[in-house]
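Student: Requesting a structural model of the entry that follows:
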Amino acid sequence: MIRAGRLQYVQTMSALADFLGKKLVTIRNQKPYAAPGHPAPISSPTARAQLWDAQQTKAFYAGEPIPELPRADDDEDLLDRHEAAQLLGVTAQTWNGYKREAQDLVDGMVLVPEGPDGTEHWPRHVILAYRNKRPGRGAGGGRRKGSGDMVPRDQILPRIAELLDADPTITLETVADTLGVAKFPTAQSALAALRGRRIADLLQADPGLDPKAAAVQLGYPTVTHRGAIVLAERELDARTVQPYLQHTADVLAAAGVAPPAQVEPGRPDGTHLAAAVPLATGQAAPALVWDERFGWRTATSRRHPIGKSTEWAPEGEGIRYLGHGLRPEPEELLAALRDPRKGTERPRTADEHRSAGSAERAGAGRQADLDGLRGP
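Tutor: Numbering: from 1, shown residues only. Okay, the predicted model is just below:
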(Lines give C-alpha, C1' and ligand atoms only; values in the text may rest on other atoms or scores of the structure.)
Protein backbone atom coordinates (compact mmCIF):
# COMPACT_ATOMS: atom_id res chain seq x y z
CA MET A 1 0.00 0.00 0.00
CA ILE A 2 0.99 3.64 -0.24
CA ARG A 3 1.61 4.77 3.30
CA ALA A 4 0.21 8.09 4.49
CA GLY A 5 2.34 11.01 3.38
CA ARG A 6 4.27 8.95 0.80
CA LEU A 7 2.17 9.68 -2.29
CA GLN A 8 4.76 12.12 -3.61
CA TYR A 9 7.36 9.34 -3.68
CA VAL A 10 5.33 6.80 -5.66
CA GLN A 11 7.33 5.51 -8.61
CA THR A 12 5.76 3.68 -11.55
CA MET A 13 7.67 1.26 -13.74
CA SER A 14 7.84 3.95 -16.41
CA ALA A 15 9.28 6.41 -13.88
CA LEU A 16 11.78 3.78 -12.74
CA ALA A 17 12.85 3.33 -16.36
CA ASP A 18 13.36 7.09 -16.71
CA PHE A 19 15.35 7.16 -13.48
CA LEU A 20 17.65 4.43 -14.80
CA GLY A 21 17.89 6.05 -18.23
CA LYS A 22 16.38 3.04 -19.99
CA LYS A 23 13.35 2.33 -22.13
CA LEU A 24 10.28 0.83 -20.50
CA VAL A 25 10.44 -2.26 -22.71
CA THR A 26 14.06 -2.79 -21.58
CA ILE A 27 13.05 -2.61 -17.93
CA ARG A 28 10.27 -5.11 -18.53
CA ASN A 29 12.68 -7.52 -20.22
CA GLN A 30 15.66 -7.13 -17.89
CA LYS A 31 13.61 -6.87 -14.66
CA PRO A 32 16.22 -5.05 -12.55
CA TYR A 33 13.60 -4.78 -9.82
CA ALA A 34 13.91 -8.54 -9.31
CA ALA A 35 17.57 -8.25 -8.25
CA PRO A 36 18.44 -9.43 -4.72
CA GLY A 37 18.05 -6.64 -2.21
CA HIS A 38 15.98 -4.45 -4.52
CA PRO A 39 13.20 -2.62 -2.62
CA ALA A 40 9.93 -4.51 -2.75
CA PRO A 41 7.01 -2.91 -4.59
CA ILE A 42 4.64 -0.90 -2.44
CA SER A 43 1.76 -2.22 -4.57
CA SER A 44 0.06 -5.46 -3.57
CA PRO A 45 1.67 -8.68 -4.88
CA THR A 46 -1.25 -9.35 -7.24
CA ALA A 47 -1.45 -5.81 -8.65
CA ARG A 48 -0.88 -5.57 -12.41
CA ALA A 49 0.78 -2.15 -12.21
CA GLN A 50 3.78 -2.33 -9.90
CA LEU A 51 4.73 0.71 -7.84
CA TRP A 52 7.82 1.49 -5.77
CA ASP A 53 8.89 4.14 -3.28
CA ALA A 54 11.31 6.48 -5.12
CA GLN A 55 13.35 7.21 -2.00
CA GLN A 56 13.97 3.50 -1.52
CA THR A 57 14.97 2.81 -5.14
CA LYS A 58 17.21 5.88 -5.25
CA ALA A 59 19.08 4.67 -2.17
CA PHE A 60 19.36 1.14 -3.59
CA TYR A 61 20.92 2.21 -6.88
CA ALA A 62 23.21 4.63 -5.06
CA GLY A 63 24.45 1.80 -2.83
CA GLU A 64 23.12 3.53 0.28
CA PRO A 65 21.03 2.10 3.15
CA ILE A 66 17.40 1.73 2.11
CA PRO A 67 15.07 3.80 4.33
CA GLU A 68 12.25 1.91 6.00
CA LEU A 69 8.65 2.82 5.34
CA PRO A 70 6.11 3.45 8.12
CA ARG A 71 4.71 0.22 9.54
CA ALA A 72 1.70 1.50 11.47
CA ASP A 73 -1.65 1.69 9.69
CA ASP A 74 -3.00 5.18 9.11
CA ASP A 75 -6.41 6.42 7.98
CA GLU A 76 -4.71 8.16 5.04
CA ASP A 77 -2.97 5.03 3.72
CA LEU A 78 -3.92 4.40 0.08
CA LEU A 79 -4.96 0.81 -0.72
CA ASP A 80 -5.37 -0.74 -4.17
CA ARG A 81 -8.33 -2.96 -5.02
CA HIS A 82 -6.69 -6.15 -3.77
CA GLU A 83 -5.78 -4.58 -0.43
CA ALA A 84 -9.23 -3.00 -0.12
CA ALA A 85 -10.86 -6.38 -0.74
CA GLN A 86 -8.63 -7.98 1.88
CA LEU A 87 -9.54 -5.30 4.41
CA LEU A 88 -13.24 -6.09 3.89
CA GLY A 89 -12.70 -9.84 3.78
CA VAL A 90 -14.07 -10.26 0.24
CA THR A 91 -12.62 -11.26 -3.12
CA ALA A 92 -11.20 -8.76 -5.59
CA GLN A 93 -14.08 -9.61 -7.94
CA THR A 94 -16.58 -8.72 -5.21
CA TRP A 95 -14.75 -5.47 -4.55
CA ASN A 96 -15.05 -4.63 -8.25
CA GLY A 97 -18.80 -4.68 -7.78
CA TYR A 98 -18.64 -2.54 -4.65
CA LYS A 99 -16.42 0.14 -6.22
CA ARG A 100 -18.75 0.54 -9.19
CA GLU A 101 -21.99 0.66 -7.25
CA ALA A 102 -21.17 2.54 -4.01
CA GLN A 103 -21.04 6.30 -4.52
CA ASP A 104 -18.82 6.73 -1.46
CA LEU A 105 -16.20 4.51 -3.10
CA VAL A 106 -16.63 6.20 -6.48
CA ASP A 107 -16.09 9.64 -4.92
CA GLY A 108 -13.23 8.48 -2.69
CA MET A 109 -11.21 6.75 -5.41
CA VAL A 110 -7.72 8.16 -6.10
CA LEU A 111 -5.73 7.50 -9.29
CA VAL A 112 -2.01 6.91 -8.71
CA PRO A 113 -0.43 8.58 -10.56
CA GLU A 114 -3.08 11.14 -11.50
CA GLY A 115 -4.54 10.81 -14.97
CA PRO A 116 -6.23 8.16 -17.13
CA ASP A 117 -3.25 5.80 -16.80
CA GLY A 118 -3.29 5.75 -12.99
CA THR A 119 -4.11 2.77 -10.76
CA GLU A 120 -7.21 2.96 -8.58
CA HIS A 121 -6.60 3.40 -4.84
CA TRP A 122 -8.79 4.29 -1.88
CA PRO A 123 -7.90 5.93 1.46
CA ARG A 124 -8.19 3.51 4.35
CA HIS A 125 -10.75 5.74 6.08
CA VAL A 126 -13.03 5.64 3.02
CA ILE A 127 -12.99 1.83 3.01
CA LEU A 128 -13.59 1.63 6.77
CA ALA A 129 -16.46 4.12 6.56
CA TYR A 130 -18.02 2.05 3.80
CA ARG A 131 -17.60 -1.11 5.89
CA ASN A 132 -19.35 0.53 8.84
CA LYS A 133 -22.34 1.40 6.66
CA ARG A 134 -22.87 -2.13 5.42
CA PRO A 135 -26.05 -3.98 6.50
CA GLY A 136 -25.86 -5.98 9.70
CA ARG A 137 -26.93 -6.07 13.34
CA GLY A 138 -24.16 -3.92 14.79
CA ALA A 139 -23.75 -0.15 14.94
CA GLY A 140 -23.59 1.38 11.50
CA GLY A 141 -24.77 -1.88 9.98
CA GLY A 142 -27.53 -0.49 7.81
CA ARG A 143 -31.24 -0.16 8.33
CA ARG A 144 -33.24 -2.79 10.12
CA LYS A 145 -36.37 -4.31 8.71
CA GLY A 146 -39.28 -1.92 8.86
CA SER A 147 -37.27 1.22 9.58
CA GLY A 148 -38.49 2.80 6.36
CA ASP A 149 -35.12 4.10 5.14
CA MET A 150 -34.40 3.97 1.43
CA VAL A 151 -30.97 2.89 0.15
CA PRO A 152 -29.38 5.08 -2.55
CA ARG A 153 -29.42 3.31 -5.88
CA ASP A 154 -25.63 3.25 -6.19
CA GLN A 155 -25.36 1.29 -2.91
CA ILE A 156 -28.00 -1.33 -3.64
CA LEU A 157 -25.76 -4.03 -5.15
CA PRO A 158 -23.00 -3.93 -2.52
CA ARG A 159 -25.52 -3.93 0.29
CA ILE A 160 -27.41 -6.87 -1.17
CA ALA A 161 -24.04 -8.62 -1.52
CA GLU A 162 -23.48 -8.24 2.22
CA LEU A 163 -26.94 -9.59 3.01
CA LEU A 164 -26.33 -12.58 0.73
CA ASP A 165 -22.95 -13.32 2.26
CA ALA A 166 -24.51 -13.25 5.70
CA ASP A 167 -27.47 -15.47 4.69
CA PRO A 168 -27.19 -17.51 1.45
CA THR A 169 -30.88 -18.41 1.68
CA ILE A 170 -32.08 -14.82 1.89
CA THR A 171 -35.33 -14.20 0.04
CA LEU A 172 -36.43 -11.41 -2.26
CA GLU A 173 -38.93 -10.33 0.37
CA THR A 174 -36.25 -9.98 3.04
CA VAL A 175 -33.99 -7.98 0.74
CA ALA A 176 -36.84 -5.71 -0.28
CA ASP A 177 -37.99 -5.14 3.31
CA THR A 178 -34.47 -4.63 4.67
CA LEU A 179 -33.24 -2.23 2.03
CA GLY A 180 -36.46 -0.69 0.82
CA VAL A 181 -36.03 -1.80 -2.78
CA ALA A 182 -38.41 -3.39 -5.24
CA LYS A 183 -38.52 -7.18 -5.40
CA PHE A 184 -38.80 -7.08 -9.19
CA PRO A 185 -36.54 -6.47 -10.90
CA THR A 186 -34.08 -4.89 -8.41
CA ALA A 187 -33.72 -7.54 -5.70
CA GLN A 188 -34.27 -10.45 -8.09
CA SER A 189 -31.66 -9.41 -10.67
CA ALA A 190 -29.09 -8.41 -8.05
CA LEU A 191 -29.39 -11.64 -6.09
CA ALA A 192 -29.13 -13.75 -9.25
CA ALA A 193 -26.06 -11.85 -10.46
CA LEU A 194 -24.34 -12.07 -7.09
CA ARG A 195 -25.07 -15.77 -6.70
CA GLY A 196 -23.69 -16.27 -10.20
CA ARG A 197 -20.45 -14.53 -9.26
CA ARG A 198 -20.04 -16.59 -6.10
CA ILE A 199 -20.61 -19.83 -8.05
CA ALA A 200 -18.10 -18.66 -10.66
CA ASP A 201 -15.54 -18.09 -7.89
CA LEU A 202 -15.85 -21.72 -6.80
CA LEU A 203 -15.79 -23.10 -10.34
CA GLN A 204 -12.73 -21.06 -11.16
CA ALA A 205 -10.95 -22.39 -8.09
CA ASP A 206 -12.04 -25.97 -8.84
CA PRO A 207 -12.76 -26.49 -12.59
CA GLY A 208 -13.88 -30.06 -11.92
CA LEU A 209 -16.66 -28.94 -9.62
CA ASP A 210 -20.21 -29.36 -10.94
CA PRO A 211 -22.07 -26.01 -11.05
CA LYS A 212 -25.04 -27.44 -9.17
CA ALA A 213 -22.70 -28.81 -6.53
CA ALA A 214 -21.16 -25.34 -6.21
CA ALA A 215 -24.61 -23.82 -5.68
CA VAL A 216 -25.38 -26.44 -3.02
CA GLN A 217 -22.01 -25.84 -1.36
CA LEU A 218 -22.80 -22.14 -1.11
CA GLY A 219 -26.14 -22.94 0.49
CA TYR A 220 -28.31 -21.38 -2.22
CA PRO A 221 -31.98 -22.50 -2.43
CA THR A 222 -32.70 -25.00 -5.22
CA VAL A 223 -35.15 -22.64 -6.92
CA THR A 224 -32.31 -20.16 -7.55
CA HIS A 225 -29.82 -22.64 -9.02
CA ARG A 226 -30.78 -22.49 -12.68
CA GLY A 227 -30.61 -18.72 -13.12
CA ALA A 228 -27.49 -18.35 -10.99
CA ILE A 229 -25.66 -21.07 -12.94
CA VAL A 230 -26.45 -19.37 -16.25
CA LEU A 231 -24.99 -16.12 -14.92
CA ALA A 232 -22.00 -17.99 -13.46
CA GLU A 233 -21.22 -19.40 -16.90
CA ARG A 234 -21.40 -15.91 -18.39
CA GLU A 235 -19.08 -14.65 -15.67
CA LEU A 236 -16.60 -17.45 -16.36
CA ASP A 237 -16.65 -16.62 -20.07
CA ALA A 238 -15.53 -13.10 -19.19
CA ARG A 239 -12.83 -14.36 -16.86
CA THR A 240 -11.60 -16.82 -19.50
CA VAL A 241 -10.99 -14.15 -22.12
CA GLN A 242 -9.59 -11.61 -19.65
CA PRO A 243 -6.02 -13.04 -19.59
CA TYR A 244 -5.78 -12.83 -23.39
CA LEU A 245 -7.06 -9.26 -23.40
CA GLN A 246 -4.72 -8.27 -20.58
CA HIS A 247 -1.73 -9.90 -22.29
CA THR A 248 -2.56 -8.00 -25.48
CA ALA A 249 -2.82 -4.72 -23.55
CA ASP A 250 0.51 -5.44 -21.85
CA VAL A 251 2.23 -6.07 -25.19
CA LEU A 252 0.83 -2.82 -26.58
CA ALA A 253 2.04 -0.98 -23.47
CA ALA A 254 5.50 -2.51 -23.72
CA ALA A 255 5.67 -1.36 -27.34
CA GLY A 256 4.83 2.18 -26.28
CA VAL A 257 1.58 2.47 -28.21
CA ALA A 258 -0.68 2.24 -25.15
CA PRO A 259 -0.40 3.21 -21.49
CA PRO A 260 -0.40 0.38 -18.92
CA ALA A 261 -4.01 -0.48 -18.23
CA GLN A 262 -6.12 -3.11 -16.52
CA VAL A 263 -8.64 -4.63 -18.92
CA GLU A 264 -11.98 -5.85 -17.60
CA PRO A 265 -14.37 -7.29 -20.20
CA GLY A 266 -18.04 -6.60 -19.73
CA ARG A 267 -21.37 -6.88 -21.53
CA PRO A 268 -22.37 -3.32 -22.39
CA ASP A 269 -25.44 -4.56 -24.26
CA GLY A 270 -26.21 -7.17 -21.63
CA THR A 271 -25.35 -10.02 -23.99
CA HIS A 272 -22.00 -9.81 -25.79
CA LEU A 273 -18.54 -9.53 -24.25
CA ALA A 274 -16.51 -6.47 -25.17
CA ALA A 275 -13.51 -4.58 -23.82
CA ALA A 276 -11.54 -1.44 -24.65
CA VAL A 277 -7.84 -0.60 -24.53
CA PRO A 278 -7.00 3.13 -24.64
CA LEU A 279 -4.06 4.05 -26.86
CA ALA A 280 -1.33 6.58 -26.22
CA THR A 281 -1.55 10.12 -27.54
CA GLY A 282 -0.35 10.36 -31.13
CA GLN A 283 -1.50 6.92 -32.22
CA ALA A 284 -3.67 6.32 -35.27
CA ALA A 285 -6.77 5.86 -33.09
CA PRO A 286 -7.85 6.87 -29.58
CA ALA A 287 -8.48 3.27 -28.52
CA LEU A 288 -8.91 -0.32 -29.58
CA VAL A 289 -12.06 -2.34 -28.92
CA TRP A 290 -12.40 -6.11 -28.74
CA ASP A 291 -15.81 -7.70 -29.31
CA GLU A 292 -16.37 -11.44 -29.01
CA ARG A 293 -18.35 -11.35 -32.28
CA PHE A 294 -16.05 -9.21 -34.41
CA GLY A 295 -12.55 -9.30 -32.89
CA TRP A 296 -10.43 -6.15 -32.70
CA ARG A 297 -11.19 -2.76 -34.22
CA THR A 298 -10.10 0.82 -33.83
CA ALA A 299 -12.41 3.23 -32.02
CA THR A 300 -13.13 6.88 -32.68
CA SER A 301 -13.47 7.92 -29.02
CA ARG A 302 -11.21 7.41 -26.03
CA ARG A 303 -13.88 8.40 -23.50
CA HIS A 304 -16.58 6.09 -24.91
CA PRO A 305 -14.67 3.68 -27.19
CA ILE A 306 -17.22 0.86 -27.29
CA GLY A 307 -20.09 3.23 -27.99
CA LYS A 308 -23.71 2.22 -28.27
CA SER A 309 -23.74 -1.51 -28.75
CA THR A 310 -25.90 -2.96 -31.50
CA GLU A 311 -26.23 -6.32 -33.18
CA TRP A 312 -24.33 -4.91 -36.17
CA ALA A 313 -20.62 -4.25 -36.32
CA PRO A 314 -19.78 -0.51 -36.20
CA GLU A 315 -18.51 0.89 -39.47
CA GLY A 316 -17.47 4.29 -40.77
CA GLU A 317 -14.62 6.75 -40.78
CA GLY A 318 -11.93 5.94 -38.25
CA ILE A 319 -13.02 2.33 -37.75
CA ARG A 320 -10.72 -0.42 -38.98
CA TYR A 321 -10.93 -4.13 -38.11
CA LEU A 322 -7.54 -5.66 -37.37
CA GLY A 323 -6.02 -9.13 -37.31
CA HIS A 324 -7.10 -12.59 -38.38
CA GLY A 325 -9.57 -14.40 -36.19
CA LEU A 326 -11.24 -13.22 -33.03
CA ARG A 327 -8.10 -13.53 -30.93
CA PRO A 328 -5.07 -12.67 -33.06
CA GLU A 329 -1.62 -12.68 -31.48
CA PRO A 330 -0.76 -9.31 -29.93
CA GLU A 331 2.21 -8.93 -32.29
CA GLU A 332 -0.09 -9.29 -35.29
CA LEU A 333 -2.46 -6.72 -33.84
CA LEU A 334 0.44 -4.36 -33.18
CA ALA A 335 1.71 -4.69 -36.77
CA ALA A 336 -1.77 -4.05 -38.18
CA LEU A 337 -2.22 -1.04 -35.93
CA ARG A 338 1.04 0.47 -37.18
CA ASP A 339 0.31 -0.18 -40.85
CA PRO A 340 -2.72 1.74 -42.18
CA ARG A 341 -2.80 -0.55 -45.21
CA LYS A 342 -3.76 -3.50 -43.05
CA GLY A 343 -7.23 -4.21 -41.76
CA THR A 344 -10.71 -4.00 -43.22
CA GLU A 345 -13.57 -1.54 -43.07
CA ARG A 346 -15.90 -4.24 -41.82
CA PRO A 347 -15.27 -7.40 -39.79
CA ARG A 348 -14.41 -10.57 -41.63
CA THR A 349 -16.70 -13.57 -41.47
CA ALA A 350 -15.33 -16.83 -40.12
CA ASP A 351 -14.73 -18.06 -43.70
CA GLU A 352 -12.98 -14.81 -44.63
CA HIS A 353 -10.74 -15.10 -41.57
CA ARG A 354 -9.71 -18.59 -42.62
CA SER A 355 -9.21 -17.56 -46.26
CA ALA A 356 -7.14 -14.51 -45.34
CA GLY A 357 -5.01 -16.57 -42.99
CA SER A 358 -4.37 -19.20 -45.66
CA ALA A 359 -3.45 -16.53 -48.23
CA GLU A 360 -1.07 -14.89 -45.82
CA ARG A 361 0.63 -18.18 -45.00
CA ALA A 362 0.88 -19.01 -48.71
CA GLY A 363 2.41 -15.60 -49.40
CA ALA A 364 4.95 -16.14 -46.65
CA GLY A 365 5.80 -19.54 -48.17
CA ARG A 366 6.34 -18.05 -51.63
CA GLN A 367 8.58 -15.38 -50.18
CA ALA A 368 10.60 -18.04 -48.41
CA ASP A 369 10.99 -19.94 -51.69
CA LEU A 370 12.22 -16.79 -53.44
CA ASP A 371 14.66 -16.11 -50.63
CA GLY A 372 15.95 -19.67 -51.00
CA LEU A 373 16.46 -19.26 -54.75
CA ARG A 374 18.42 -16.04 -54.21
CA GLY A 375 20.73 -17.78 -51.80
CA PRO A 376 22.54 -16.21 -48.90
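Student: just how off-centre is the helix or strand encompassing residue 162 within its chain?
Tutor: Assigned by DSSP states H and E, residue 162 falls within helix 156-166. Centre-to-centre, helix 156-166 and its host chain are 22 Å apart (CA atoms, centre = their mean, to the nearest Å).
Student: just stretch 120-137 next, same as before
Tutor: The answer for stretch 120-137 is 21 Å, by CA atoms, centre = their mean.
Student: about what we covered before: now for the following helix or strand past the helix holding residue 162, which elements pack on it?
Tutor: Per DSSP H and E, the first helix or strand lying C-terminal to helix 156-166 is helix 172-179. Using 3 or more CB pairs under 8 Å, 6 or more residues apart in numbering; DSSP states H and E, the elements in contact with helix 172-179 are helix 156-166, helix 188-205. (C-beta placed from N, C-alpha, C; glycine too.)
Student: got the buried residues for the first one?
Tutor: Just to be clear, that refers to helix 156-166. 156-165 (16 or more other CB atoms under 10 Å).
Student: and the helices and strands packed on helix 172-179, which one is worst for confidence?
Tutor: In terms of average pLDDT, helix 156-166 trails the rest of those, at a mean of 87.
Student: and the direction of it versus that of helix 188-205, what angle?
Tutor: 60 degrees (axes from the mean of the first three to the mean of the last three CA atoms, to 10 degrees).
Student: Output the contacting helices and strands for helix 156-166.
Tutor: helix 92-101, helix 172-179, helix 188-205.
Student: So which residues make contact with the longest one?
Tutor: Contacts of helix 188-205 with the rest of the structure, by CB atoms under 8 Å, 6 or more residues apart in numbering, involve 91, 93-94, 97, 156-157, 160-161, 164, 170, 172, 175, 209, 211, 214-215, 217-218, 220, 224, 227-236, 239.
Student: Buried among those residues? Need that as a selection in ChimeraX.
Tutor: Only the buried entries of those go into this ChimeraX selection, using 16+ other CB under 10 Å:
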select :93,94,97,156,157,160,161,164,170,172,175,211,214,215,218,220,224,227,228,229,231,232,234,235,236,239
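Student: Serialize the helices and strands packed on helix 172-179 to TSV and add fields for distance to residue 243.
Tutor: What follows is these, written out as TSV (distance: least, CB to CB, whole Å):
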stretch	distance to residue 243
helix 156-166	25
helix 188-205	12
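Student: wait, which of these is closest to residue 64?
Tutor: helix 188-205 (44.0 Å; CB to CB).
Student: and this protein, what are its domains?
Tutor: 1-133, 244-363 (automatic domain parsing).
Student: Return, as residue ranges, the portions of the stretch 1-150 of the chain with sub-threshold pLDDT.
Tutor: Within the stretch 1-150 of the chain, the stretches with pLDDT under 70 are 116, 134-150.
Student: which other helices and strands contact the longest helix belonging to the chain?
Tutor: In the chain, assigned by DSSP state H, the helix with the most residues is helix 222-254. Applying 3+ CB pairs under 8 Å, 6+ apart, one finds that helix 222-254 contacts helix 24-30, helix 188-205, helix 211-217, strand 274-278, strand 287-291, helix 330-338.
Student: Work out the gap between the fifth one and the centre of the chain.
Tutor: Shown here is strand 287-291, whose average C-alpha point lies 14 Å from the average C-alpha point of the whole chain (CA atoms, centre = their mean).
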